[in-house]
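Asker: One predicted model, sequence on top.
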Amino acid sequence: MKYEVSAKATIATTPEKLWKLMQDLEDWWPKSNPEHVSLEILSEDKTIREGTRIRIKEKIAGVPGEAIGEIRDVIKGKQVTWGSDRAVYRYLGIELAVEEGVTWRIQKTEGGTELSADVWARFPATWKGRVFCPESALDRQLPPATPLPE
């Protein structure tokens with residue numbers, strides 16, 4: 001089972017300024033979603049580049065989880081993709097491992113710069129997967145985003 005959700009916002013800034021702000025992963029990524037608890041860059045080189053390893057802790061719908069993944073694709077100034085082959089969530093003693101990832105895209109628009117996020121997770125086709133990702137969860141709305149500084 002695959003869960004996908006997308007969100008986008010237009011920001012009154014240039015793509016270059018937004019890309020520069022995005023270089024500080026430890027600052028903006030946790031703030032990008034209230035469900036994010038913490039982020040730790042595990043690589044010595046803490047820049048956005050393919051192979052940068054990251055641990056993220058989050059609570060999705062109140063279920064605590066941890067994922068260790070890496071940046072898999074970068075198009076400088078335009079796009080970055082992070083993915084984890086094994087994000088582990090635990091609830092009431094039940095553990096579930098899923099694959100998950102996100103792609104952020106930056107695009108210049110007439111009103112400024114559009115930042116979009118495409119998030120996905122693959123749940124196993126087991127009873128655990130169905131419990132953690134019921135069909136009703138696919139309609140869940142994202143919480144409001146934290147505004148970016150100018």
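Answerer: Received, thanks.
Asker: then stretch 85-96 to PDB, C-alphas only?
Answerer: What follows is stretch 85-96, C-alpha atoms only, in PDB (Å, rounded to 0.1, in the frame of the first residue of the first chain):
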ATOM      1  CA  ASP A  85      14.300   2.100   3.100                       C
ATOM      2  CA  ARG A  86      13.300   1.500   6.700                       C
ATOM      3  CA  ALA A  87      11.400   3.900   8.900                       C
ATOM      4  CA  VAL A  88      10.200   2.300  12.100                       C
ATOM      5  CA  TYR A  89       7.100   3.300  13.900                       C
ATOM      6  CA  ARG A  90       5.900   1.900  17.200                       C
ATOM      7  CA  TYR A  91       2.500   2.000  18.800                       C
ATOM      8  CA  LEU A  92       1.100   0.000  21.700                       C
ATOM      9  CA  GLY A  93       4.000  -2.400  21.400                       C
ATOM     10  CA  ILE A  94       3.500  -3.000  17.700                       C
ATOM     11  CA  GLU A  95       6.400  -2.200  15.400                       C
ATOM     12  CA  LEU A  96       6.000  -1.400  11.700                       C
END
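Asker: neighbouring contacts of it?
Answerer: Applying CB atoms under 8 Å, 6 or more residues apart in numbering, the contact partners of stretch 85-96 are 60, 63-69, 97-100, 121, 123-124, 128-129, 131-132. Placement of C-beta: from N, CA and C, glycine included.
Asker: in this structure, which residue is closest to the centre?
Answerer: In the chain, the C-alpha nearest the mean C-alpha coordinate belongs to Val102, at 4.5 Å (CA atoms, centre = their mean).
Asker: Do I have it right that that residue meets Ala117?
Answerer: Yes: Val102 is in contact with Ala117 according to CB atoms under 8 Å; the separation is 5.7 Å.
Asker: contacting residues around Asp45?
Answerer: Asp45 sits next to Thr52 when contact means CB under 8 Å, 6+ apart.
Asker: per-residue confidence for it?
Answerer: Per-residue confidence at Asp45 stands at 85 (pLDDT).
Asker: Against Glu26, how distant is it?
Answerer: To Glu26, Asp45 is 13 Å away according to CB to CB, to the nearest Å.
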